[in-house]
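Undergrad: Would you be able to build a 3D model of this:
(2 chains)
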Amino acid sequence: MKKIIKYVIADLLRSRTIIVYTAVLLILSFSVFSMEDNAEKGVASLLSIVLFVVPLVSILFSTVYLYNSSEFIELLVSQPLRRKVIWMSIFTGLAGAVSLAFIVGVGIPVAFYAFTASGILLVLCGCALSLVFVSIALWAAVRIRDKAKGIGLSILLWLYFALLFDALVLFFLFQFSDYPIESAMVALSMLNPIDISRILILLQIDVSAMMGYTGAIFRNFFGTAGGMATTAAVLVLWTVMPLWFSLRFFKRKDL
Amino acid sequence: MLTNESLRLMIAIQHLSKRFGKLTVLNDVCLTLQGGHCVALIGPNGSGKTTLIKSILGMVVPQSGKITVKGKDIANEWQYRNRIGYMPQIGRYPENMSIGQVLNMMKDIRKMPESALDKELFVAFGLDGMLDKRMRTLSGGTRQKVSACLAFLFNPEVLILDEPTAGLDPLSTELLKDKIITETQRNKLVIITSHVLSDLDDLVSEVIYMQEGKPLFHKSLQSLKTATGTDKLSKAVAQVIAIHELID
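TA: Numbers count the residues shown, from 1 in each chain, chains lettered A, B, ... in the order given. Just a heads-up that it's a prediction; the model follows:
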């Protein structure tokens, strides 16, 4: 398995997209931190950029890579290799390359300017989001044979997680504003990995005071060790489930 | 005679069927292929040639039927592919890799000692001088050469070549044909699909003609030629098909 991971990573790191992605993240982070004199405020500004850009790049880059390397995957399948090994190696390679780019692009500036709990949490959440969206991309790309449709689906999925989901939550909030739905909000946020990351980091920066009663409920849940563990488990689940579904499909796929 | 034949039996296909949605691509195919033969797999476009090849390689999972390679069922297996060298119709490789890196990767996957490798074609095509060239800079013909080299490199017992001469220059085509003849004489099984029947004339010993997902006939080249009274494969095939159509 190591061999194939090695070749996938070597191939990815040589592609320009990953290098440009790293450079853009580096420039963004350094400029945000040099504009804000307060490290916590810097993390807060960086957070909105990270939550927007990381999922988009992870899902789109992975989908495009999978479609472009379909012949390479075919070549590997015709070799004496297990399909499971091939698929897991591709995931590991993609996830490794995307999160490495993120660690270099955001982790280094954070280490320089905001080496605090919230800064470290931002880097960790960014890495987790990279993994989640690579995993979702794998699922989208394995299900759909047509390249244009597959890329379309991955953009739609990103749009859903980044924008539409929040709109739905707002709608839900207004519809049921007469009821005590604060605990339901915590459960609802688990359905979106981007929201989980946002809440986790915002609570760490201590702007939850501005979120009113819901903020207090969030604090009660996400602030505790048990809540943190649950959240981490949910993020792991968000990575494993799409990956598992895609692997099951890939094993039976006609290439 | 019988024991000799069963010893040389390489691939047996029993009642293989494959559908893509409503379209039946392979319809109850039964074939036995033996070592020491060069088999031409011919037929019109969309007759199931490539699907049949891909089923043998495990790239396409059939709905029903069984394929055995050297007596072993290949369903859910992967080690048997060590015995097969495959040259795809269009060989595409990671764009950023050089020829040398692709070769090293394949050696890495197959884990074969350097001394056991068959580098004849590799040297004949002059690929050893361009190891540093990136795959994306290569022409279609050079990619075909790389594919051909990779198929032969690990001395496999079964060689599956999908349109091997498409895109190759005449000189390289001759080199490849010579290599195919030597390998057949070494008791290997070579399966070739091609639309250029004149290329196959001096190579093949058996012909399988596929039509609508079924082998219409599987005959030795010799018997095909005597039956039709011609000495060109293309003419013989044309005659047999004409006769079949008359019967239908």
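
Undergrad: Report the contact partners of the residue in chain A positioned nearest to chain B.
TA: Closest to chain B within chain A is residue A:71: 3.5 Å, counting by Cβ to the nearest Cβ. (C-beta placed from N, C-alpha, C; glycine too.) Neighbouring residues of residue A:71 by Cβ atoms under 8 Å, 6 or more residues apart in numbering or on different chains: B:88, B:90, B:91, B:92, B:93.

Undergrad: distance between the ends of stretch A:171-179?
TA: Across its full length, stretch A:171-179 reaches 14 Å between end residues, using Cα to Cα, to the nearest Å.

Undergrad: Looking at it now, give me its mean pLDDT.
TA: Here stretch A:171-179 scores 86 as its mean pLDDT.

Undergrad: which bits of chain B sit near chain A?
TA: B:20, B:54, B:57-61, B:78-82, B:84, B:86, B:88, B:90-97, B:101, B:105-106, B:108-110 (Cβ under 8 Å from any Cβ of the partner chain).

Undergrad: Whichever of those end up buried, select them in PyMOL.
TA: A single PyMOL command selects the buried members of the residues of chain B next to chain A (16 or more other Cβ atoms under 10 Å in any protein chain shown):
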select buried, chain B and resi 54+57+58+59+60+78+80+81+82+84+86+88+91+92+93+94+95+96+97+101+105+106+109+110
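
Undergrad: picking that back up, among the contacts of residue A:71, which one lies nearest to residue A:64?
TA: Distance to residue A:64 across those (Cβ to Cβ) is lowest for residue B:92, with 15.3 Å.

Undergrad: State the mean pLDDT of stretch A:133-140.
TA: Rounded mean pLDDT across stretch A:133-140 is 96.

Undergrad: could you dump that stretch to PDB, C-alpha only?
TA: These are the backbone C-alpha positions of stretch A:133-140, laid out as PDB (Å, rounded to 0.1, in the frame of the first residue of the first chain):
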ATOM      1  CA  PHE A 133     -14.200  16.800   1.800                       C
ATOM      2  CA  VAL A 134     -11.700  14.600   0.100                       C
ATOM      3  CA  SER A 135     -13.800  11.700   1.300                       C
ATOM      4  CA  ILE A 136     -17.000  13.200   0.000                       C
ATOM      5  CA  ALA A 137     -15.300  13.900  -3.300                       C
ATOM      6  CA  LEU A 138     -14.300  10.200  -3.600                       C
ATOM      7  CA  TRP A 139     -17.900   9.200  -3.100                       C
ATOM      8  CA  ALA A 140     -19.200  11.600  -5.700                       C
END
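
Undergrad: Not counting its own residues, what contacts that stretch?
TA: The contact list for stretch A:133-140 (Cβ under 8 Å, 6+ apart) reads A:54-55, A:58-63, A:66, A:87, A:90-91, A:94-95, A:98, A:150, A:153-154, A:157-158, A:193, A:238-243, A:245-246, A:249.

Undergrad: List the buried residues for stretch A:79-95?
TA: Neighbour-count burial for stretch A:79-95, counted by 16+ other Cβ under 10 Å, picks out A:79-81, A:83, A:85-95.

Undergrad: Residue B:103 touches residue B:135, doesn't it?
TA: No - shown here, residue B:103 and residue B:135 do not form a contact pair, counting by Cβ atoms under 8 Å, at 11.2 Å.

Undergrad: so what secondary structure elements neighbour the one helix or strand residue A:215 maps to?
TA: Taking DSSP states H and E as the criterion, residue A:215 maps to helix A:212-222. Counting contacts by 3 or more Cβ pairs under 8 Å, 6 or more residues apart in numbering or on different chains; DSSP states H and E, helix A:212-222 packs against helix A:182-189, helix A:193-205, helix A:225-251.

Undergrad: if we can go back for a sec, may I have the secondary structure class of the residue of chain A closest to chain B?
TA: Classification of residue A:71 by DSSP: H, G, I helix; E, B strand; the rest coil places it in helix.

Undergrad: Now do it, the pLDDT please.
TA: For residue A:71, the predicted pLDDT is 78.

Undergrad: State the distance from it to residue A:135.
TA: Distance, residue A:71 to residue A:135, using Cβ to Cβ, to the nearest Å: 23 Å.

Undergrad: separation between residue B:222 and chain A?
TA: Applying Cβ to the nearest Cβ, to the nearest Å, the value for residue B:222 to chain A is 32 Å.

Undergrad: That residue: neighbouring residues, count only.
TA: Look at residue B:222: counted by other Cβ atoms under 10 Å in any protein chain shown, it has 10 neighbours.

Undergrad: mind listing what the nearest residue to it once chain neighbours are set aside touches?
TA: With sequence-adjacent residues excluded and distances taken as Cβ to Cβ, 6 or more residues apart in numbering or on different chains, residue B:222 is closest to residue B:205, at 7.8 Å. Counting by Cβ under 8 Å, 6+ apart, residue B:205 touches B:37, B:38, B:39, B:184, B:220, B:221, B:222.

Undergrad: go with 10 Å
TA: By Cβ atoms under 10 Å, 6 or more residues apart in numbering or on different chains, residue B:205 lies in contact with B:34, B:36, B:37, B:38, B:39, B:40, B:184, B:190, B:220, B:221, B:222.

Undergrad: Wait, the first one touches residue B:157, no?
TA: Spelled out, that is residue B:34. No - using Cβ atoms under 10 Å, residue B:34 makes no contact with residue B:157, being 11.3 Å away.

Undergrad: so what sits against both of those two?
TA: By Cβ under 10 Å, 6+ apart, the residues touching both residue B:34 and residue B:157 are B:10, B:187, B:189.

Undergrad: Test for you: state the pLDDT assigned to the first one.
TA: The per-residue pLDDT reported for residue B:10 equals 88.

Undergrad: now the second one
TA: The pLDDT attached to residue B:187 in the predicted structure is 90.

Undergrad: Next, it: phi, psi?
TA: phi 70, psi 20 (degrees, to the nearest 10).

Undergrad: give me the number of residues near it?
TA: Neighbours around residue B:187, by other Cβ under 10 Å: 14.

Undergrad: and if you look at the last one?
TA: When neighbours are defined as other Cβ under 10 Å, residue B:189 has 25 of them.
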